[in-house]
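Enquirer: Have a look; sequence and predicted model below, questions after that.
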Amino acid sequence: MANPRVYIETSVISYLTSRPNRDLIVAGHQQITRDWWDTRRHAFGLVASQLVVQEASAGDEEAARARLEVLATLELLAVTEESLALAQALVREGSLPQKAAQDALHIAVSVTNGLDYLLTWNCKHLANATMRSSIDRVCLQQGYEPTVICTPEELLEV
């Protein structure tokens with residue numbers, strides 16, 4: 001059986017490559033991300049998308065270069081018409097607010113490609129238990145099996 005496939009969202013790449021942060025929560029997330037990357041990533045098929053590349057390219061040039069180096073090792077999925085349509089449905093149905101349209105697109109790329117997990121530290125619009133049932137409902141209504149959205153901490157142990 002093939003390894004479960006994981007969509008790596010931009011926040012994970014950012015936490016993996018950024019300098020240690022003085023904020024204790026951010027520093028904790030960074031360490032968990034590095035631990036997961038070092039010890040667990042090989043148990044999964046890792047993918048990202050052109051959207052992640054676009055987001056990771058922004059900001060400080062040196063930091064962007066570090067993020068893009070990691071992304072160069074991953075399979076990149078295209079943003080398709082199918083994923084755009086699902087993202088629009090997620091926003092239209094109120095699963096995600098309009099201002100989170102790009103987050104909806106991360107979900108949609110993951111779901112339309114039949115991935116097992118979407119890995120993220122974005123707990124406002126992605127790994128958010130209060131939004132999960134609505135996201136799942138829209139995915140199912142559109143004919144897709146929902147992806148499990150979680151943080152690296154949730155995939156540390158098997």
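Expert: All right, it came through fine.

Enquirer: Buried ones in stretch 20-35, by neighbour count?
Expert: 29-30, 32-33 (16 or more other Cβ atoms under 10 Å). Backbone N, C-alpha and C define where each C-beta goes, glycine included.

Enquirer: Which of these fall in helices?
Expert: Within the buried residues of stretch 20-35, residues falling in helices by DSSP state H are 29-30, 32-33.

Enquirer: which element is the residue lying farthest from the centre of the chain on?
Expert: Distance to the chain centre peaks in the chain at residue 22, reaching 24.0 Å (criterion: Cα atoms, centre = their mean). According to DSSP states H and E, residue 22 maps onto no helix or strand at all.

Enquirer: that older thread, may I ask which two of the buried residues of stretch 20-35 are separated the most?
Expert: 30 and 32 (7.4 Å; Cβ to Cβ).

Enquirer: Now for the nearest residue to residue 88 once chain neighbours are set aside: which residues touch it?
Expert: Nearest non-adjacent residue to residue 88, counting by Cβ to Cβ, 6 or more residues apart in numbering: residue 104, 7.8 Å away. Counting by Cβ atoms under 8 Å, 6 or more residues apart in numbering, residue 104 makes contact with 86-88, 90-91, 95-96.
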